[in-house]
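Chemist: pasted the sequence and its predicted model underneath.
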Amino acid sequence: MKDRNIVIIGGGAAGMMAAIRASRLKGDVILIEKNPELGRKLLLTGKGRCNLTNASDLESFIECFSGNGRFLRDAFKAFSNLDLMNFFEDRGVKLKTERQRRVFPVSDKAIDILDALKKELKKNGVKVHYNLEVENIIIKDNKVKGIEVKGKKNILCDAIILSTGGVSYASTGSSGEGLKMAERLGHKLISLRPGLIGLMTKDKYPRLLQGMPLKNIRITFSNGKKKVTSEIGEFMFTDFGISGPLVLTLSGMVVDWLKAGKKVSAYIDFKPALSEEQIDARFLRELKVNPKKSIKNFLKGMLPLRLIDVFLEMSDINTDKTAGQVTQRERRKLLFLFKALPLKISRPRPINMAMITKGGISLKEINPKTMESRRIKRLYFAGEIIDVDANTGGFNLQAAFSTGYLAGESAAK
């Protein structure tokens, strides 16, 4: 196999895996990173624990992507979740599978994943250049010829893999420069939106409850005509509105509804395992035993203290009342809140605070079997720069590793 000079722009998960695969196929590989270090965003994944993939089967993987999952079928077949897990296990990084089949290093340290990748880069002779900013891609006769580097001489090459990410987590250096380069070369971009993002609310009461984590709840989002309901899981009130795993997972759909000009409401079910009738029966049973108990103390066994004040205010119940003084109408209001506490969603948080970027280079302009551009020969794309995104759970990171692997393999052949 003939050696090729391959330049990879962007040293995140996709770029590092692309460099590793290309170099193992005897490509002369240069990895360019504008930061002083590799994998900044990788270190933040899974709250620093690195949820590197998910142990689900291929079809389940594809279903977790928001409409574009089928595009990744070839990439996942080239480098599956099992391949990724074996890659790290073979390099001494022990892994574990937690709830919802999320895979983490046993150490719970993202740095162990990054260190394994860096060692492999070094082992395979990848030349890593730090603190370099690529300004443009040089094209001649519709083929890649090299790159223009700010303040440096041009670097000539036979192939380029663009893996600069999206615009989320701007603090890690994701400023969208790769997207701009691709657009200048004529590639169509699907509008960029925040994905896996907290949602801001018009209601003020979440601020009173900020920092309060809630477990075993369910949330439903509705735009008036369509609704989507989460699984049972974790949720959190914040100073801006709502967040937590359940919100992040469904936020992509909510963002698209809001972008389309639709009004979106959320309804929190605090007792998803119980019906409204069952909650009422429990209420009445305890009412017979403690009718003179203050309504606030009465509700302590059913709700966190700060949430009780919100429930009573929204139900127009005087906090001085005893449980026995609560009218049937007031009780019905309380029961409704237990099953569907309402919120009005105003907008998502800014895209630079999102965990991932929705949108990116149109899939119609990328060959899914090779990750090569359909417009420019020997130009490849990998990772978040592509218009694919998924739920939380390790799916997005696996997509980065798989597209990086396939792009690296294709560029080296």
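Modeler: Sure thing, it's come through. Residues are numbered from 1 along each chain as shown.
Chemist: only C-alpha atoms for contact and neighbour calcs from this point on.
Modeler: Will do.
Chemist: for residue 287, give its distance to residue 8.
Modeler: 68 Å (Cα to Cα, to the nearest Å).
Chemist: ok, the two, which is more surrounded?
Modeler: Counted by other Cα atoms under 10 Å, residue 287 and residue 8 do not tie: residue 8 has more neighbours, with 29 against 18.
Chemist: and after the helix or strand containing the more buried one, which helix or strand comes next?
Modeler: Assessed by DSSP states H and E, residue 8 sits inside strand 5-9. Downstream of strand 5-9, the next assigned helix or strand under DSSP H and E is helix 13-24.
Chemist: counting contacts, what elements does the longest helix along the chain pack onto?
Modeler: Ranked by residue count, the top helix of the chain under DSSP state H comes out as helix 395-412. Judged by 3 or more Cα pairs under 8 Å, 6 or more residues apart in numbering; DSSP states H and E, helix 395-412 is in contact with helix 13-24, strand 53-54, helix 73-78, helix 81-89, strand 159-162, strand 379-381.
Chemist: re earlier: direction included, what does the strand holding residue 8 pair up with?
Modeler: Applying DSSP bridges to the sheet, strand 5-9 is found paired with strand 28-33 (parallel), strand 159-162 (parallel).
Chemist: what lies in contact with the last one?
Modeler: Spelled out, that is strand 159-162. Strand 159-162 is contacted from outside by 4-10, 15, 18, 144-146, 178, 378-382, 385, 407-408, 411, using Cα atoms under 8 Å, 6 or more residues apart in numbering.
Chemist: at 6 Å instead, please
Modeler: 6, 7, 8, 9, 378, 379, 380, 381 (Cα atoms under 6 Å, 6 or more residues apart in numbering).
Chemist: show the average pLDDT along it.
Modeler: Averaged over strand 159-162, pLDDT sits at 98.
Chemist: after that strand, next one along is what?
Modeler: helix 177-184.
Chemist: for that following helix, buried residues please.
Modeler: Neighbour-count burial for helix 177-184, counted by 16 or more other Cα atoms under 10 Å, picks out 177, 178, 179, 181, 182.
Chemist: count the neighbours of residue 100 for me.
Modeler: 10.
Chemist: look up phi and psi at it.
Modeler: Residue 100 adopts backbone torsions of phi 60, psi 20, taken as degrees, to the nearest 10.
Chemist: and it, how far from residue 139?
Modeler: 45 Å.
Chemist: residue 393 now?
Modeler: In terms of Cα to Cα, residue 393 sits 38 Å off from residue 139.
Chemist: who has more neighbours, those two?
Modeler: For residue 393 and residue 139, the more surrounded residue by other Cα under 10 Å is residue 393, and the numbers stand at 23 against 15.
Chemist: for the nearest residue to the more buried one once chain neighbours are set aside, name its beta-bridge partners.
Modeler: Closest residue in space to residue 393, ignoring its immediate chain neighbours: residue 102 at 5.5 Å, by Cα to Cα, 6 or more residues apart in numbering. Beta bridges link residue 102 to residue 54, judged by DSSP bridges.
Chemist: look up how far residue 252 lies from residue 102.
Modeler: Taken as Cα to Cα, the span from residue 102 to residue 252 is 20 Å.
Chemist: among those two, which residue is more densely surrounded?
Modeler: residue 252 (23 against 20).
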